[in-house]
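Undergrad: I would like to see how this sequence folds:
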Amino acid sequence: MHFNDYMVPLAKAVDVVVDKLPPDAKDNEIFSTAVKLSGDPDLIKPFEGYVLKARIQDGVGVILLCSPDGKEGIIEDVTCTSRPDSYRPTGSPCTYQLDIQKVCSAP
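TA: Residues are numbered from 1 along each chain as shown. Just a heads-up that it's a prediction; the model follows:
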């Protein structure tokens, strides 16, 4: 499955809701608001069975897709960019690793 085909619309939807939620919002609160405001009930359906996390950092949404057992990170995406930002090598931990300010300030 090509998750990036589904990650792009999800990241756009999360980006829209970041300024509508408290800065400490995370995971289900972010995704449920993104689904509701996007009007697309299937927005997170491609990720069912996987661990999907989200948080707001420095006013930017960050999405982390992990393996079904929650042990390995697969993709980390910062919503200030147009494509998924980090594809993790096999065995990477399911933790946030990107430097948000660096990613968002890159040309």
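Undergrad: quick one: the strands in this protein?
TA: 51-57, 60-66, 73-78, 86-87 (DSSP state E).
Undergrad: Let's have those strands in JSON lines, adding distance to residue 106.
TA: Placement of C-beta: from N, CA and C, glycine included. Putting the strands of the chain into JSON lines (distance: least, CB to CB, whole Å) gives the following:
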{"stretch": "strand 51-57", "distance to residue 106": "16"}
{"stretch": "strand 60-66", "distance to residue 106": "13"}
{"stretch": "strand 73-78", "distance to residue 106": "10"}
{"stretch": "strand 86-87", "distance to residue 106": "12"}
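Undergrad: Generate CSV for these, with mean neighbour count and mean pLDDT as supplementary columns.
TA: Putting the strands of the chain into CSV (neighbours: other CB atoms under 10 Å; pLDDT from 0 to 100) gives the following:
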stretch, mean neighbour count, mean pLDDT
strand 51-57, 19, 96
strand 60-66, 24, 95
strand 73-78, 23, 91
strand 86-87, 15, 80
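Undergrad: Pull the distance from the helix or strand of the chain with the lowest mean pLDDT to the chain's centre.
TA: Least confident helix or strand of the chain, by mean pLDDT, DSSP states H and E, is strand 86-87 with a mean of 80. Distance of strand 86-87 from its chain centroid, counting by CA atoms, centre = their mean, to the nearest Å, is 11 Å.
Undergrad: ok, it: who's next to it in the sheet?
TA: strand 73-78 (antiparallel) (DSSP bridges).
Undergrad: ok and the partner strand relative to strand 60-66, angle-wise?
TA: 170 degrees (axes from the mean of the first three to the mean of the last three CA atoms, to 10 degrees).
Undergrad: Give me the distance from strand 73-78 to the chain's centre.
TA: Worked out by CA atoms, centre = their mean, strand 73-78 lies 7 Å from the chain centre.
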